[in-house]
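*Asks:* Here is a sequence with its predicted model. Questions after.
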Amino acid sequence: TTSDGTATGTEGFEPAFLLIKCATTTGGGWIIYDNKRSPQNPRDNTLEANQNLAQDTTSSRDVDFYSNGFRVKTSNAVLNGSGFIYTYLAIAANPASTPTLANSFKALQYTGNSTTGRAISEIGFMPQFTWIKNLGTTESHVLVDQLRYPTNIIQSNSAVAQFTNSATNIQYIGNGFTMGNDGNVNSSSYDYVTYNWKGASTPTINNDGTITSVTSVNEAAGFSIVQWKGDGNAASTVGHGIAAGAPDFIAYKDSSNSRNWNVYVSSASASYNPFGGILDLDSAFNTSGGTNGSSGTPTATTLTFTAGSSTVDTVNANAATMMAYCWRSTTNYVDVGSYTGAPGLTVNVGFQPRFVLIKKVNAAYNWSLYDSSRGSSGALTDRYLIAADANSAQVTSSSVYIDFTATGLSFPNSYSGTNNTGDEYIYIAFA
């Protein structure tokens, strides 16, 4: 296993049944896991083959199943004591289905009802990455994913480490998710928007980089979620899992510590590439690695890092659980690009968008988020604005409108956040 308990083996398989026994000391049981009593990670329902006890559901025994192995999420001696030797028997599951482009992204608006356990089942697939925003009042963005488990929240508008909120309590289900009654996801009389991306139903252990990572990849949609234990080294690399090549948009977050987001965008001009921007701030893009480092230029297989004058902690902090959300431009689904503001501007992305995130690169301004579910009418014109780096309500003023077209974006205004003449902008758009 690796230092974080990940059993490696790129020729492995997804377990349906797992039996583990410590061979070094006495007292530990024969611990049984399976994918029926625990259908999603973490697999936390265990039996002991040598005991007549009821199943144990404590988190001190959590294990994650991957498409080519497993990870023990604890350091207790029964399962993962330092220096101890363990034997295991794993029996393979049926292969998981491969995600298709048709079920890879969904933007949906809903009205809160303050009911604990409320189900949003209109997504059409089980998401692996979900973003929620209260549209009507001041509430932080809520971002959850499969690898950190959907009960753990990070925020696009904040540098804070991940945290849990029992009143939010998001859980993934077959065609969407359930949630609690907190105001940031489900308060009566408020409208919300949720964005959902499909990864892999079962994550994969990736050994392409110098650091072992865990990835959830939707190859058809050019999307991967990447998790790794940082080592504080700018020379290290981390496998991203997208077989088609390097991602064009990467959002990095240290989920263990309060630390700013770093966003790499391949289409940014040379002065700002690969250093990127800061998702939780409205500042201009960086022109260096700064004090605490930034993204490097990704390769066909790995993420790379740029050293800061002091550390590389923004993207690879030592001992921290690091996250990266990666997208590669993919025909008819996702386009990462740039443009220069101009009167009457149109931008061709190659499809009719359902979501676009825009950022001015050369000066400070909010990250501007628009989607097909929110506007002044049912048509695709006059889209409303959300600031992805702020907790404010959506903006419905006509001065910030953009229009979605059959092939891209149209800018009827000279709003500085999206189309000030002569300014440089980057965007990521989804169909």
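*Replies:* Great, that's in hand. Numbering: from 1, shown residues only.
*Asks:* Pretty sure T194 sits against T111.
*Replies:* No: if you go by CB atoms under 8 Å, T194 and T111 don't touch, sitting 12.0 Å apart. Heads up, the C-betas are built off the backbone N, CA and C, glycines and all.
*Asks:* okay, those two: which has more neighbours?
*Replies:* T194 (25 against 13; other CB atoms under 10 Å).
*Asks:* To which secondary structure element type does the more buried one belong?
*Replies:* The local conformation at T194, judged by DSSP: H, G, I helix; E, B strand; the rest coil, is strand.
*Asks:* pLDDT value on it, please?
*Replies:* Per-residue confidence (pLDDT) for T194: 98.
*Asks:* quick one, what contacts it?
*Replies:* Contacts for T194 were tallied using CB atoms under 8 Å, 6 or more residues apart in numbering; they are A107, L108, Q109, Y110, I120, I123, T130, W131, I132.
*Asks:* so how far is W327 from F430?
*Replies:* Relative to W327, F430 is positioned 8 Å away (CB to CB, to the nearest Å).
*Asks:* try A54
*Replies:* Counting by CB to CB, the gap from A54 to W327 is 44 Å.
*Asks:* And for T74?
*Replies:* Distance of T74 to W327, given as CB to CB: 33 Å.
*Asks:* Those two - which one has more neighbours?
*Replies:* Neighbour count, other CB under 10 Å: between T74 and W327, W327 has more, with 23 against 17.
*Asks:* Tell me how many other residues crowd the closest residue in space to N184 that isn't next to it in sequence.
*Replies:* Distances taken as CB to CB, 6 or more residues apart in numbering put E139 closest to N184, at 4.4 Å, once the chain neighbours are dropped. Close neighbours of E139, defined as other CB under 10 Å, add up to 22.
*Asks:* same thing with V185?
*Replies:* A total of 29 residues lie near V185 under the criterion other CB under 10 Å.
*Asks:* same deal with L108?
*Replies:* As a burial measure, L108 scores 17 neighbours (other CB under 10 Å).
*Asks:* Next: the one 10 residues further on.
*Replies:* By other CB under 10 Å, 17 other residues sit near R118.
*Asks:* distance of it from S189?
*Replies:* For R118, the distance to S189 - CB to CB - is 14 Å.
*Asks:* can you check M179 too?
*Replies:* From M179 to S189 the distance is 16 Å (CB to CB).
*Asks:* just how off-centre is stretch 343-353 within its chain?
*Replies:* Taking CA atoms, centre = their mean, to the nearest Å, one finds stretch 343-353 lying 26 Å from the centre of the chain it belongs to.
*Asks:* Can you give me the end-to-end span of that stretch?
*Replies:* Start-to-end span of stretch 343-353 (CA to CA, to the nearest Å) is 21 Å.
*Asks:* Quick check: buried residues in it?
*Replies:* L345, V347, V349, G350, F351, P353 (16 or more other CB atoms under 10 Å).
*Asks:* Filter these down to the ones in helices?
*Replies:* Among the buried residues of stretch 343-353, no member is found in helices (DSSP state H).
*Asks:* In these, find the pair that's most separated.
*Replies:* Within these, two members stand farthest from each other by CB to CB: L345 and F351, at 18.0 Å.
*Asks:* Please identify which of the buried residues of stretch 343-353 is nearest to N286.
*Replies:* V347 (23.9 Å).
*Asks:* what ranges do the helices span in the protein?
*Replies:* Per DSSP H, the chain carries helices over the ranges 77-80, 313-316.
*Asks:* among those helices, where is the model least confident on average?
*Replies:* The minimum mean pLDDT among the helices of the chain belongs to helix 77-80 (a mean of 90).
*Asks:* Work out the gap between it and the centre of the chain.
*Replies:* Centroid separation between helix 77-80 and its chain, computed with CA atoms, centre = their mean, is 30 Å.
*Asks:* Can I get that helix in CSV, CA atoms only?
*Replies:* Coordinates of each C-alpha in helix 77-80 appear next as CSV, following Å, rounded to 0.1, in the frame of the first residue of the first chain:
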residue,chain,number,x,y,z
ALA,A,77,-3.9,-1.6,13.9
VAL,A,78,-6.8,-3.9,12.8
LEU,A,79,-6.6,-2.6,9.2
ASN,A,80,-3.6,-0.3,8.7
